[in-house]
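> One predicted model, sequence on top.
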Amino acid sequence: MGRLVQNHSTHIKGLIKWLKKISERNEIKTVTPASLSKTNGKGEKLVLKVTVKTNEGYKLLARKGKLVQEVFLVTSIDESKVKEILEETNPMPSRKKKGF
């Protein structure tokens, strides 16, 4: 089980809840949300996606509305497994259910 580092006072609404679920996975060592900035996007739903592979893991981008926040993930697993974890831990109810 990993740990969630909270070193900033501001986060995108709903992001910390999602990151806590991610950090509970055994494959994840550390989850660190970083800088928060504004963009021109309009997405209403919180989206978290893998952008860059780093030396210790991956850099993710969280987007919601006009806000974007970097998230650093320390892990030794491959990118496809990280994407799978993001789908499994997604707290958004809009996620498609299997078998329906």
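Structure's in. What do you need?

> Roughly how far does Leu15 sit from Ser80?
In this view, Leu15 and Ser80 are 23 Å apart by Cβ to Cβ, to the nearest Å. For the C-beta atoms, the positions are set from N, CA and C on the backbone; glycine is no exception.

> And the two? Which one has more around it.
Leu15 (20 against 9; other Cβ atoms under 10 Å).

> Does that one touch Ala62 like I think?
Yes. Between Leu15 and Ala62 a contact is recorded at 5.2 Å, counting by Cβ atoms under 8 Å.

> shared neighbours of these two, anything?
Counting by Cβ atoms under 8 Å, 6 or more residues apart in numbering, the contacts common to Leu15 and Ala62 are 33, 46, 48, 69, 71.

> Quick one: the residues you listed as JSON lines, columns for distance to Glu27 too.
Converted to JSON lines, the shared contacts of Leu15 and Ala62 look like this (distance: Cβ to Cβ, whole Å):
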{"residue": "Pro33", "distance to Glu27": "19"}
{"residue": "Leu46", "distance to Glu27": "22"}
{"residue": "Leu48", "distance to Glu27": "16"}
{"residue": "Gln69", "distance to Glu27": "22"}
{"residue": "Val71", "distance to Glu27": "16"}
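
> Could you identify the most distant pair in those residues?
Among the shared contacts of Leu15 and Ala62, the pair separated by the greatest distance (Cβ to Cβ) is Pro33 and Leu46, at 12.5 Å.

> what touches both of those two?
15, 62.

> Break down this protein into its strands, ranges please.
Using DSSP state E, the strands assigned to the chain run over residues 3-4, 28-53, 57-75.

> and Val50, what does it touch?
Val50 neighbours (Cβ under 8 Å, 6+ apart): 58-60, 79, 82-83, 86.
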